[in-house]
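> structure here, sequence nowhere to be found:
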């Protein structure tokens, strides 16, 4: 398909999607990919990280938003800032570590130093810049991302100065974050361990489409289903092993059953999948002492009835469009980073329930 303009009008974009098919350029055209970065990723609220990754003033974590490197850092006043990881002098990366602690940031190219709120702190031979630069101008600091907000510890940022608030953007899907955090006896979750990263050769939309594609598990996961079905009945005494076998076996339910599992869709492209299991089938040893201890801790905070409601929430893959998906019951969160039209990077986080045994 040839376009007169590569700016892509709404009419041109709509022409690429029909009720029963999508034009291949949606997944492979470099100009469409760049338009998505500007007009979708450049405007939406994007997940940056979790506040537990920057617990103390000076703690930082580096990631990307719409392909642009940024630093999430806790400032001395306790607030979380999201700054472009780019020196105002010559554009060099200021922070080259993925995470850590810093009193301030210093560019390795010419030694410009910046406070954790992004303001310019110092630079060598300051008098050499005096006639050309007004060093009190905020423009010479690390540029802040226009909008930053959080919901229950999950930090988001938008490269657009205007638009819906974070709560408006999340809408009813705040309930999926509630589902994860409410399961913590202490009322908070925290990132546990490192970040699992993988790449694949394909468009970023393929990942999002797959998450709530209910017809693929029986076929894509056929080898793991077969392996699980071959496990001797007495070989899964370990709780984690039993859960793994049950999970894989459930992927092998009949296609006619998968067809009856529901997907709920919302504004802004968000969705979640109705669960196809519950704790009575998936949790190994509901009468296990550790499980009883966990439930008792949850009841001490919420009472028996509210605990029953919390543990009774049954939803699987939540998608916060365009690039965040998580399973609240399993506390696993994935962030999709588009690299090129046919290259995608995925970061996977696991969370710990504070107050749980």
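Cool, the structure landed. Because the structure is predicted, anything quoted here is derived from the model rather than measured.
> start and end of stretch 298-316, how far apart?
Across its full length, stretch 298-316 reaches 21 Å end to end, with Cα to Cα, to the nearest Å as the criterion.
> got any ranges where this structure has weak pLDDT?
By pLDDT under 70, the low-scoring segments of the chain are 1-6, 233-241, 276-286.
> ok, which stretches of it are helices?
In the chain, the segments counted as helices under DSSP state H are 10-14, 25-28, 30-36, 166-170, 174-182, 204-211, 217-220, 222-229, 239-251, 255-258, 279-282, 289-302, 304-312.
> looking at the ones you listed, spot the one closest to residue 48.
Taking Cβ to Cβ, helix 166-170 is the member of the helices of the chain nearest to residue 48, at 11.4 Å. For glycine as for every other residue, the C-beta is placed from the backbone atoms N, C-alpha and C.
> now for the closest one, which elements pack on it?
Contact analysis of helix 166-170 by 3 or more Cβ pairs under 8 Å, 6 or more residues apart in numbering; DSSP states H and E lists strand 147-151 as its packing neighbours.
> which one of the helices of the chain is the most hemmed in?
Here the criterion is mean neighbour count by mean count of other Cβ atoms under 10 Å, and of these the winner is helix 174-182, at a mean of 19.
> could you find the closest non-adjacent residue to residue 195?
The shortest distance from residue 195 to any residue that is not its chain neighbour, by Cβ to Cβ, 6 or more residues apart in numbering, is 5.2 Å, and that residue is residue 347.
> distance check, that neighbour against residue 332.
For residue 347, the distance to residue 332 under the criterion Cβ to Cβ, to the nearest Å works out to 11 Å.
> cool, and residue 112?
Between residue 112 and residue 332 the distance is 39 Å, computed by Cβ to Cβ.
> next one: residue 186
In this structure, residue 186 and residue 332 are separated by 20 Å, where distance is defined by Cβ to Cβ.
> with distance to residue 192 added, can I get the helices of the chain in JSON lines?
Listed next are these as JSON lines, based on distance: least, Cβ to Cβ, whole Å:
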{"stretch": "helix 10-14", "distance to residue 192": "40"}
{"stretch": "helix 25-28", "distance to residue 192": "34"}
{"stretch": "helix 30-36", "distance to residue 192": "32"}
{"stretch": "helix 166-170", "distance to residue 192": "23"}
{"stretch": "helix 174-182", "distance to residue 192": "13"}
{"stretch": "helix 204-211", "distance to residue 192": "22"}
{"stretch": "helix 217-220", "distance to residue 192": "26"}
{"stretch": "helix 222-229", "distance to residue 192": "24"}
{"stretch": "helix 239-251", "distance to residue 192": "15"}
{"stretch": "helix 255-258", "distance to residue 192": "31"}
{"stretch": "helix 279-282", "distance to residue 192": "20"}
{"stretch": "helix 289-302", "distance to residue 192": "16"}
{"stretch": "helix 304-312", "distance to residue 192": "20"}
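> out of those, flag the one nearest residue 64.
In this view, the helices of the chain are compared for proximity to residue 64 by Cβ to Cβ, and helix 204-211 is the closest at 12.6 Å.
> name the helices or strands packed onto that closest one?
Based on contacts counted as 3+ Cβ pairs under 8 Å, 6+ apart, the elements that helix 204-211 packs against are helix 25-28, strand 315-320, strand 324-327, strand 332-340, strand 343-353.
> work out the gap between it and the centre of the chain.
A distance of 14 Å separates the C-alpha centroid of helix 204-211 from that of its chain, computed with Cα atoms, centre = their mean, to the nearest Å.
> which residues are in contact with it?
26-27, 200, 216, 273, 317, 319, 321-323, 325, 336-338, 344, 346 (Cβ atoms under 8 Å, 6 or more residues apart in numbering).
> most neighbours out of the residues you listed, which is it?
Ranked by neighbour count (other Cβ atoms under 10 Å), the contacts of helix 204-211 have residue 319 at the top, with 26 neighbours.
> state the distance from that one to residue 335.
With the distance defined as Cβ to Cβ, residue 319 ends up 12 Å from residue 335.
> what of residue 127?
Residue 127 sits 44 Å away from residue 335, taking Cβ to Cβ as the criterion.
> higher neighbour count, those two?
Applying other Cβ under 10 Å to residue 127 and residue 335 shows that residue 335 carries more neighbours, namely 22 against 6.
> contact partners for the nearest residue to residue 102 once chain neighbours are set aside?
The shortest distance from residue 102 to any residue other than its chain neighbours is 5.6 Å, reached at residue 58 (Cβ to Cβ, 6+ apart). When contacts are counted by Cβ under 8 Å, 6+ apart, residue 58 touches 73-74, 76, 101-103, 116.
> tell me how far residue 58 lies from residue 136.
Distance of residue 58 to residue 136, computed by Cβ to Cβ: 24 Å.
> try residue 290
Taking Cβ to Cβ as the measure, residue 290 and residue 136 are separated by 58 Å.
> what's the answer for residue 39, then?
35 Å.
> so the two - more neighbours on which side?
Applying other Cβ under 10 Å to residue 39 and residue 136 shows that residue 39 carries more neighbours, namely 13 against 8.
> related to what we said a few turns ago, verify the stated contact: the residue nearest to residue 195 with residue 197.
Yes: judged on Cβ atoms under 8 Å, residue 347 makes contact with residue 197 at a distance of 5.5 Å.
> more crowded one of those two?
Regarding residue 347 and residue 197, a neighbour count based on other Cβ under 10 Å identifies residue 347 as having more, with 17 against 11.
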